[in-house]
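Student: Predicted model and sequence follow; I will ask about them next.
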Amino acid sequence: GNSINQSNSTKSLTSLDSQHSNQHPGQRANTDQPVEMDDNTFTQRLLRGITTILKSRLLMAIFTYNALFASTTVLLSFQRAELVANRNPNATTVAADTAFLAKINIASSIAVFVMQASGVGAIIAQNLGPQGSLAVMPIIR
């Protein structure tokens, strides 16, 4: 029983090894299967991802929302930096400007936390719906 099966499997492994031993390293075995192209390069994966996003309305909506949210966040960061830059340069130091920017950031974070903890966010989502609450979110932040 088992010794015959082991003997047959050993013979098949030996014949496979002898087929591969005549090849140079990196050369594929000559089989009847078609040769597959390597489609896992970075560019090919990137193009597949872009076409997948463009074909799906849901993925396109998610991508658009994330792009707009990131852009709005960057613009708000520049606006905060401009607030610091437009302060009176004679009356402030670098440390005072840094503290002022930190106060702006902490006030923004506290406002968002209070909205989340108090349930105001849920009320806004209920009254405005998903699209309206997503549209308001960058303004609040």
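Tutor: Yep, that arrived.
Student: any idea how far residue 112 is from residue 73?
Tutor: According to C-beta to C-beta, to the nearest Å, residue 73 stands 12 Å off from residue 112. In short, each C-beta sits where N, CA and C put it, glycine included.
Student: tell me the phi and psi of residue 83?
Tutor: Phi and psi for residue 83, reported as degrees, to the nearest 10, are phi -60, psi -40.
Student: Give me the distance between the spatially closest residue to it that is not a sequence neighbour and residue 40.
Tutor: Excluding the flanking residues, the one nearest residue 83 by C-beta to C-beta, 6 or more residues apart in numbering is residue 104, at 6.6 Å. To residue 40, residue 104 is 46 Å away according to C-beta to C-beta.
Student: what bits of the chain have low per-residue confidence?
Tutor: 1-38, 138-141 (pLDDT under 70).
Student: can you pull out the helices in it?
Tutor: Assigned by DSSP state H, the helices in the chain fall at 2-21, 42-55, 57-85, 94-118, 120-140.
Student: Which strands and helices lie in contact with the longest one?
Tutor: Right, the one you point to is helix 57-85. helix 42-55, helix 94-118, helix 120-140 (3 or more C-beta pairs under 8 Å, 6 or more residues apart in numbering; DSSP states H and E).
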